[in-house]
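In: I'd like to go over a predicted model; first the sequence, then the structure.
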Amino acid sequence: MTVLEIRDLHVTVETEAGTTPILNGVTLTIRTGETHAIMGPNGSGKSTLAYTIAGHPKYTVVSGSITLDGEDVLEMSVDERARAGLFLAMQYPVEIPGVTVTNFLRTAKTAIEGEAPSIRTWTKDVKASMKALRMDPKFAQRNVNEGFSGGEKKRHEILQLELLKPQIAVLDETDSGLDVDALKIVSEGVNRAKEATGLGVLLITHYTRILRYIRPDHVHVMVAGRIVEEGGPELADRLEDEGYDRFLPAGEAEP
Ligand code: ADP
Ligand code: MG
Ligand code: MG
């Protein structure tokens with residue numbers, strides 16, 4: 001089993017207004033085999049948590065810790081985090097001009113495993129995963145994220161997830177911009193990875209829609225950089241009915 005532990009995490013970002021606190025003491029434990037949803041209104045700090053786990057230089061950890069099986073994640077380079085079994089799918093993935101999907105995946109797999117996968121099994125695995133995600137085989141020859149539609153970006157993320165076989169995956173707004181058919185295909189991919197490898201999932205989402213397809217064991221509500229409520233799947237159902245209004249100060253209700 002692998003355990004990702006986030007303890008009393010405080011994170012700031014530099015803005016024109018100076019140093020701004022975004023996360024104000026987040027504590028969370030995710031084990032392989034578990035699915036946790038972090039839900040919350042826009043601007044509550046969900047993506048900041050994902051970027052901090054990913055090691056984005058823009059975010060400063062002021063105090064608290066992130067460990068993976070007791071190892072200090074904050075001391076690891078981005079590559080080391082991936083090798084340690086963390087997978088981060090960002091809300092706004094970057095383009096990698098001149099690098100095709102197929103080369104990107106093989107390079108990432110080689111970096112994570114420490115040796116190149118055998119061509120024959122690798123090609124077979126890539127084909128099978130692309131087929132399962134209903135991706136056109138031509139997609140493998142396109143440059144990473146260049147001109148990808150929202151849905152293609154998400155499928156490409158799940159393709160990585162299936163092929164790189166991490167221990168713990170952080171998926172930030174994987175549902176955004178997907179129509180229902182694409183959402184189902186992407187969710188099935190996550191569920192396959194959960195079944196195949198016992199993947200632990202931290203699913204970050206504003207909307208409850210994806211939670212109909214990927215059922216969380218635990219739901220955490222983040223507001224203003226803190227987890228303000230925790231529960232089981234029934235909490236997601238309640239948020240679907242009630243929204244976030246009861247967590248927000250009067251007058252700040254979301255439309
Ligand atoms: P969420 O993902 O829950 O919508 P974010 O983590 O994106 O929230 O943002 C939380 C708050 O931190 C927002 O007020 C946002 O404007 C601010 N913030 C996040 N990242 C940056 C950044 N790189 N520069 C300036 N402000 C940021
Ligand atoms: Mg382990
Ligand atoms: Mg976000």
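Out: Received the coordinates, thanks. Ligands and ions are numbered 1, 2, ... in the order given.
In: what's the helix or strand for the closest residue to Ala89 other than its chain neighbours?
Out: For Ala89, the nearest residue in space outside its immediate sequence neighbours is Glu157; the separation is 4.1 Å by C-beta to C-beta, 6 or more residues apart in numbering. Placement of C-beta: from N, CA and C, glycine included. Taking DSSP states H and E as the criterion, Glu157 maps to helix 150-164.
In: same check on Lys109?
Out: In this structure, Lys109 sits in helix 101-113 according to DSSP H and E.
In: so which bits of the helix or strand that that helix is followed by are buried?
Out: Of the helices and strands lying after helix 101-113 in sequence (DSSP H and E), the nearest is helix 119-132. Residues Trp122, Asp125, Val126, Ser129, Met130 are the ones in helix 119-132 that count as buried (16 or more other C-beta atoms under 10 Å).
In: from Ser176, how far off is Leu28?
Out: Look at Leu28 and Ser176: by C-beta to C-beta, to the nearest Å, they are 22 Å apart.
In: between these two, which is the more surrounded one?
Out: The residue with the greater number of neighbours, taking Leu28 and Ser176 and applying other C-beta atoms under 10 Å, is Leu28; the counts read 20 against 16.
In: residues in contact with that one?
Out: Under the criterion of C-beta atoms under 8 Å, 6 or more residues apart in numbering, the contact partners of Leu28 comprise Glu5, Ile6, His36, Ile38, Leu202, His220, Ile227.
In: is it bridged to anything, and to what?
Out: The residues paired with Leu28 through beta bridges, assigned by DSSP bridges, are Ile6.
In: count the residues that sit near Pro57.
Out: For Pro57, which is what you asked about, the neighbour count (other C-beta under 10 Å) is 7.
In: wait, Asp136
Out: Asp136 is flanked by 9 other residues according to other C-beta under 10 Å.
In: next: Arg215.
Out: 13.
In: next one: it from ligand 2, what distance?
Out: 24 Å (C-beta to the ion, to the nearest Å).
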